[in-house]
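Peer 1: One predicted model, sequence on top.
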Amino acid sequence: MVRQRRTAFMSFCRAGGELSLTAKTEEEFRRLLLEAVSRHNVLPLTSFCNLNCLFCSHRRVSPELHLHTFTPLAEAQLLELIPFLDVTEKIVIGESATRFCEGEPFTHPSILTLLFSLRARFPRTPMQITTNGTMLNQKTVKALQKLAGETPRGESLLELVISLNCSDAAARREILGDREPQRVIEAL
Ligand code: SF4
């Protein structure tokens, strides 16, 4: 089993695919991706964010930290990563908790497809999604409710962490670079 997993790990590392903007080689990027998934149960989607917060930690990343930014991963590549997640641990999306700079996950064009695939494979595993909330709308919220799942005690298996930071429209424009500040307020 360990050998099988190692072989899968190596072949994933060597295969071609999406690009990191900062990893030196494609192989290095894929190795880091697998590390994030298999060691931390974090599924990286994209470094792109639709806001531009003055305090964003991604603006001042020291090169010594060796953090990586990357273009949105292709749906096929994300589906390929899913089997490396641990069913017994919470799956984390949108949290900069590894060597990757995570952007806004709902800017990823395939996020709902991906979440439904995750839920189909891990029906009882808790999931956490961190978002700035700006892309949430009725359709997305309904889809999230549908795929959330619950524990035998009726608790939701989906934790949506909304990083609002401030609710004042003018402050959102100035501090977060939010051109449509009403969106997130309406979504909430
Ligand atoms: S929402 Fe988060 S990731 Fe996006 S710019 Fe603001 S702090 Fe950075």
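Peer 2: Arrived safely, thanks for sending.

Peer 1: Quick one: end-to-end length of stretch 129-139, please.
Peer 2: Counting by C-alpha to C-alpha, to the nearest Å, you get 17 Å between the two ends of stretch 129-139.

Peer 1: List the contacts of that stretch.
Peer 2: If you take C-beta atoms under 8 Å, 6 or more residues apart in numbering as the criterion, stretch 129-139 is touched by 49-51, 92-95, 102, 104-107, 115, 158-165, 176, 178, 180, 183-184, 187-188. All C-beta spots, glycine's among them, are computed from the backbone N, C-alpha and C.

Peer 1: taking the mean pLDDT, what do you get for it?
Peer 2: What stretch 129-139 shows for mean pLDDT is 96.

Peer 1: what distance separates that stretch from the centre of its chain?
Peer 2: 12 Å (C-alpha atoms, centre = their mean, to the nearest Å).

Peer 1: ok, back up a step: near the ligand too, which of the contacts of stretch 129-139?
Peer 2: Cys49, Leu51, Glu104, Ser163 (C-beta under 6 Å from any ligand atom).

Peer 1: Name the nearest residue to the third one, sequence neighbours excluded.
Peer 2: In other words, Glu104. Cys49 (4.5 Å; C-beta to C-beta, 6 or more residues apart in numbering).

Peer 1: Look up phi and psi at that neighbour.
Peer 2: phi -130, psi 140 (degrees, to the nearest 10).

Peer 1: so after the lengthiest helix in the chain, what's the next helix or strand?
Peer 2: In the chain, assigned by DSSP state H, the helix with the most residues is helix 26-40. Note on helix 26-40: by DSSP states H and E, the next helix or strand toward the C-terminus is helix 75-81.

Peer 1: Neighbours of the closest residue to Pro126 other than its chain neighbours, how many?
Peer 2: Closest residue to Pro126 apart from its sequence neighbours, by C-beta to C-beta, 6+ apart: Lys90 at 4.4 Å. Lys90 has 13 neighbouring residues, counting by other C-beta atoms under 10 Å.

Peer 1: Look up how far Thr140 lies from Arg31.
Peer 2: Applying C-beta to C-beta, to the nearest Å, the value for Arg31 to Thr140 is 32 Å.

Peer 1: Leu73 contacts Phe48, doesn't it?
Peer 2: No - taking C-beta atoms under 8 Å as the definition, Leu73 is not a contact partner of Phe48, at 10.9 Å.

Peer 1: For those two, indicate the residue with more neighbours.
Peer 2: Leu73 (23 against 16).

Peer 1: From Lys142, how far out is the more buried one?
Peer 2: 25 Å.
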